[in-house]
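Enquirer: Sequence first, then the predicted structure, then my questions.
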Amino acid sequence: MKLSSSAKKQESVFGHKAVPYLFIAPFIIFFIIVYLYPFFQTILMSFQRIDGPNHITWIGTSNYTKLFKDRNFSQSLMTTFRYAIWDVIILTTVPLIVACILNSGYVKFSAFFKSVFFIPALTSTIVAGIVFRLAFGTLDTSIANRVLALFGKPPRDWLMHADSANFVLILLTLWRWMGVNIVYYISGLQAIPPELYEAAQIDGANALQKFFYVSLPGVKPVLIYVITITVLGGFAMFTESVALFTQKYAGGIGRTIVGYMYQVGFYKSNLGMASAVGIVLLIIVLTVNLIQLIAMGFFRKEN
Amino acid sequence: MGNKTKKRILTFLATALMVILAIFTLAPFYFMFLSSLKPGTEMLRNGLSFTFDPAVSSFKNYEALNTYRDGIYWDWYKSSLILMVIQTLAGLILGSMVGYGLAMYDFKGKNIVITVVLLLMMVPFEILLLPLYQMLIRAKMINSYFGVVLPYLVPPFMIFFFRQYCLSLPKEMMEAAYMDGCSDFGIFFRIMVPNMIPAYGAMTILSCMNCWNNLLWPLIVLSNDRKFTIPIGMATTITPYGNAYDVLMPGAVMAVVPIVIIYLFAQKTFIAGLTSGAVKG
Amino acid sequence: MKKMLVVLLAALMLVLSVTAYADDEPIHLTLWTFQELHLSLYREMLDKWNADPANPKLDIDMQVMDYEDMHNKLTIALQTGEGAPDITEIEISMYANYLKGDIQLAALNEYVEPIEDHLVMSRLNNYARDGKYYGIDHHIGATVMFYNTEILEEAGINYKDIKTWDDFHEAGKTVLEKTGKPMTTWESSDCWSIYPIVSQHGGDWLTWDNEVVMDSDVVIDTLAFMKSMLEDGTAIPAPGGFHHAEEYWGWMNAGGCATVSMPFWYLNRFTDYMPDLAGKMKVVPLPTWADGKGHKSSQMGGTGVSVVATSPNADVAKAFIAFATLTFDGNVNTWKLLGFDPILMDVYGAPEMMEPNKFFDYYGDEIFDEMATVLDDIPDTAITDMYPTATDIVKSQMAYDLCYSDKSAEEIAKECADQLRSMID
């Protein structure tokens, strides 16, 4: 983290040495209580069998070995990875394209559309789940199957097959979060100095070239941010699958890692094993995000 | 002339595409609203129907919200509002303070703190649920509003955002104020806070949004059904043995109202705030 | 600090209020449930209780919570001894969790034993350990067949002629041929199709010693039968995956299919969610197995009403739940208000049970005519601590594979049984 020269100057200008610590004190206290202590507690619990606060047994790595023997867990890993990969691809590209179109000046009432796309993020997913469930129903008369019929395709049980269920989940996620990412991207696009586009125009760049050589590098910081939160959201997804599958994971379809953790921890009251699931999830999310940040050159820029 | 026609065609195509997307976005709300006017069995009878049928539609379901379990829905509403206000205020005040501290001062350990904040934005909060819950039990804070807001008091994403925002503000004003004999906290509250209004606008929306629809954690903490929030209360109308659609649908419509109002009011500052904030990361 | 004070004060007041109530002050009890429907029974019975001057006055705070959440909170409250209610309902598949180690629930033998011969005891055994009864159910949950007579008549079939499952399958072929509609649906994401029929056939998932019998011959035979109906189209997977899906209700309501087998408590799903079938549906005991194996019905689902042993008012709480769930009056109201099949056999055939209500309007007057004949032949189910795991496997694996995979009945049963065995150690 580099400091501006004026900030350096302030250090000498501003009074007491303890002052900055007073400003960040709330975070330090918060961090210890809400993150650090529970984090170590989760690690400890993942090596325990817990039958109540006074019945704790140390069982070594048994929670982990059991976890990887459980078919439901490996299935939930598969489900989560499949979802997260598509989530990152779709949830970063589609809103970026829409944001570019909205920002291009060709769209009338673009402010209105921006607000409209944002509204789903403000609502509870549960009712949306009912709508999507009905739209992608089993019956020939469901909307999705009628669309298939238009193309001469036979109807299908959308939510009963892993791939199509994943498609519906992605669609629900896109519906819900597209507007938020659009707003992020637009804020990034608007921060690009117009001179850059003008220069590109003079150099004879077409729309596509402008997108790749001006817009894309310009929104890169936002892109990194969006990818980071999408990776987190993708791997920790729970609400969308609850809305769609109401915790009925027939054939394991729709059961994500967090869904599995919730079932093990609360439904079967196996807190130790649920903690082990949490640790595995944390390792996955951190690994994927670190790889992503390195690939995007985030740290190069920082140093 | 060719250019003008081209532009017109492009405008038409781009706008048409947005209209289609907007229809896709709004259709579920339209359905939700229509269903809230009909008896629950109508929805089951006709599935996903987008036709308005005046013969079976009325605002009776909305009146039922007042009588359903002695008007418990409005208790949930009150709970949700209280929690939203506490959580958002705490997040804004503490988040901006910490973010400001990290942006404006140089001190030992600063880089470590910033790295920790960034790292926390990548930690799935879900994995901390169980120990946090046990902690609340020991502290006897189960079923308290404080227990619900505790993990959101100083949200890392707000710290990050406010820090970015502060970095973009001119330092000269602060220096001038300092020369005039203003204390550090005086500068923060009197000079910086007014200058960060767009950032507050943006974070107000994100915070209200997160809080209003938060399901998992409040569900775990609250145990008195009069203290439930709307999402948890609504979850009790969804049982393994059939849902109370007559309450669910109008309840969901009413639940959208305050958050959309907040959004519409703060929308301008929201986008402006995001533009000058997170982007420069 | 202030917070702590408030908590302390509140605790103090609570202690005072329960120990030192004056004679005219009602005793305050808390009741937890995840099923709002049940409250109407408690309210009715509470009024009756308080109307009798011989009873101490009661004031019950009835709390409705989300299903998973309520059980989770109860577990924690019992473990820590903090914040438990006086009376709680516990869903049958969760019940075993509360019968581990030091049991925190109060035994109800003093109320159950005197009338043992009058109760369907297989129901109470679900909530018992070592001869002590800890919970009372609202219903038997006898599995029944719901027939859509309109569709059957169109195919020229009288539902009364269907005696065995083979008859049922044959009738299904006729229905499919004449009307193009399936005879029945099997759930692909829940257990209410497979489990009741397996249990009726004499099978189960576990023994009381946690031995896995999920791949016994009886289970395989039952699955093979169900699969054969799927293969010739007389059965299809339930639209929406299970018999509580919005899609299923809409489709069934429009006459999508001729029958459905579900526990008795499904009666109010038809009245509430499928209003257009009023007057067309009949409730009849399940067909039986031609091989002579099995039972007349099976008991499925349910909720045990229990008293927390450490409650300072445990005695009066026990007396009240016995009053609400074991008396003649309580059982009649269970039928009238909830539409359940009561566990007290005395009420079947009693005139009080025949008073008009929405269920008679919907299904006709003969609901109980044949029901009474199956009460003496309802098997137990082994509700052990592995029962939640077993049902989870049935819901998420067995039902799905039955409906959507090419695996044979034997493969399905073996795979699920192995999965269950690997979870027991």
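Expert: Looks like it arrived, so ask away. Predicted model, so just to flag it, every value in this text is computed and none were measured.
Enquirer: Counting neighbours, show which residues of stretch A:143-152 come out buried.
Expert: By 16 or more other Cβ atoms under 10 Å in any protein chain shown, the buried positions in stretch A:143-152 come out as A:Ile143, A:Ala144, A:Asn145, A:Leu148. Quick note: C-beta positions are derived from backbone N, CA and C, even for glycine.
Enquirer: Export those to a markdown table and append columns for distance to chain B, secondary structure and pLDDT.
Expert: Below are the buried residues of stretch A:143-152 laid out as a markdown table (distance: Cβ to the nearest Cβ, whole Å; DSSP: H, G, I helix; E, B strand; the rest coil; pLDDT from 0 to 100):
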| residue | distance to chain B | secondary structure | pLDDT |
| --- | --- | --- | --- |
| A:Ile143 | 6 | helix | 87 |
| A:Ala144 | 10 | helix | 90 |
| A:Asn145 | 12 | helix | 90 |
| A:Leu148 | 15 | helix | 91 |
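Enquirer: Name the nearest of these relative to C:Pro275.
Expert: Lowest distance from C:Pro275 to the buried residues of stretch A:143-152 (Cβ to Cβ) belongs to A:Ile143, with 24.2 Å.
Enquirer: which residues touch the closest residue to the closest one other than its chain neighbours?
Expert: Spatial nearest neighbour of A:Ile143, chain neighbours left out: A:Ala135 (4.5 Å); criterion: Cβ to Cβ, 6 or more residues apart in numbering or on different chains. With contacts defined as Cβ atoms under 8 Å, 6 or more residues apart in numbering or on different chains, A:Ala135 is in contact with A:Ser142, A:Ile143, A:Ala144, B:Leu48.
Enquirer: related to what we said a few turns ago, as CSV, the buried residues of stretch A:143-152 with distance to C:Phe34 would be great.
Expert: As requested, the buried residues of stretch A:143-152 are exported to CSV (distance: Cβ to Cβ, whole Å):
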residue, distance to C:Phe34
A:Ile143, 33
A:Ala144, 33
A:Asn145, 34
A:Leu148, 38
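Enquirer: Now compare those residues and name the two farthest from each other.
Expert: Maximum pairwise distance among the buried residues of stretch A:143-152 (Cβ to Cβ): 9.9 Å, between A:Ile143 and A:Leu148.
Enquirer: In chain A, spot the helix with the most residues.
Expert: helix A:71-103 (DSSP state H).
Enquirer: on that earlier part again, max pairwise distance over the contacts of A:Ala135: which two?
Expert: Going by Cβ to Cβ, the pair spanning those furthest: A:Ala144 and B:Leu48, at 10.1 Å.
Enquirer: residues shared between the contacts of the two?
Expert: A:Ala135, A:Gly137.
Enquirer: now for the strand or helix carrying A:Ile28, which elements pack on it?
Expert: Assigning secondary structure by DSSP states H and E places A:Ile28 in helix A:19-30. On a contact count with 3 or more Cβ pairs under 8 Å, 6 or more residues apart in numbering or on different chains; DSSP states H and E, helix A:19-30 meets helix B:72-104, helix B:110-120, helix B:184-186.
Enquirer: hey, which of the ones you listed is tucked in deepest?
Expert: Using mean count of other Cβ atoms under 10 Å in any protein chain shown, the stretch among those with the largest mean neighbour count is helix B:72-104, at a mean of 21.
Enquirer: quick one: is it near chain A?
Expert: Yes: judged by Cβ under 8 Å from any Cβ of the partner chain, helix B:72-104 comes into contact with chain A at B:Leu94, B:Met97, B:Val98, B:Tyr100, B:Gly101, B:Leu102, B:Ala103, B:Met104.
Enquirer: Hmm, the third one is touching B:Phe161, no?
Expert: No: with contact defined as Cβ atoms under 8 Å, B:Val98 does not count as touching B:Phe161 (11.0 Å).
Enquirer: coming back round to it: report the buried residues of the longest helix of chain A.
Expert: So helix A:71-103, judged by 16+ other Cβ under 10 Å, has buried residues A:71-73, A:75-77, A:79-84, A:86-88, A:90-92, A:95-96, A:98-103.
Enquirer: What mean pLDDT does that helix get?
Expert: Averaged over helix A:71-103, pLDDT sits at 94.
Enquirer: any idea which helix or strand comes after that helix?
Expert: helix A:110-118.
Enquirer: Report the angle between that following helix and helix A:71-103.
Expert: 170 degrees (axes from the mean of the first three to the mean of the last three Cα atoms, to 10 degrees).
Enquirer: Strands of chain A, residue ranges please.
Expert: Ranges of strands in chain A, per DSSP state E, are A:48-50, A:56-58.
Enquirer: nearest to B:Phe125, of those strands?
Expert: Across the strands of chain A, closest to B:Phe125 is strand A:48-50 (Cβ to Cβ), at 20.8 Å.
Enquirer: Tell me the predicted confidence for residue 260.
Expert: Chain wasn't specified; assuming chain A. The per-residue pLDDT of A:Tyr260 was computed as 92.
Enquirer: The chain in question should be chain C.
Expert: pLDDT at C:Val260 comes out at 97.
Enquirer: what does the one 3 residues further on give?
Expert: In the predicted model, C:Pro263 carries a pLDDT score of 94.
Enquirer: From what I see, it and C:Val144 are in contact.
Expert: Yes: taking Cβ under 8 Å as the contact criterion, C:Pro263 and C:Val144 are neighbours in contact, 7.3 Å apart.
Enquirer: Show me which helix runs longest in chain B.
Expert: Longest helix in chain B, counting by DSSP H: helix B:2-37.
Enquirer: Now do the buried residues in that one.
Expert: Neighbour-count burial for helix B:2-37 [16+ other Cβ under 10 Å]: B:10, B:14-15, B:17-18, B:21-22, B:25, B:27-29, B:31-32, B:34-37.
Enquirer: which residues sit in contact with the closest residue to chain A within the stretch 101-250 of chain B?
Expert: Closest residue of the stretch 101-250 of chain B to chain A, Cβ to the nearest Cβ: B:Gly101 (2.7 Å). Shown in contact with B:Gly101 (Cβ under 8 Å, 6+ apart): A:Pro20, A:Leu22, A:Phe23, A:Ile24.
Enquirer: Now list the buried members of the residues you listed.
Expert: Buried, going by 16+ other Cβ under 10 Å: A:Pro20, A:Phe23, A:Ile24, out of the contacts of B:Gly101.
Enquirer: How about the first one: what's its closest non-neighbour residue?
Expert: The reference is to A:Pro20. That would be B:Tyr105: by Cβ to Cβ, 6+ apart, it lies 3.5 Å from A:Pro20.
Enquirer: I'd assumed A:Val19 was in contact with that neighbour.
Expert: Yes: if you go by Cβ under 8 Å, B:Tyr105 and A:Val19 touch, sitting 7.0 Å apart.
Enquirer: Looking at those two, which is more packed in?
Expert: B:Tyr105 (20 against 17; other Cβ atoms under 10 Å in any protein chain shown).
Enquirer: what stretches of the stretch 151-300 of chain A score poorly on pLDDT?
Expert: Confidence mapping of the stretch 151-300 of chain A against pLDDT under 70 gives the ranges A:299-300.
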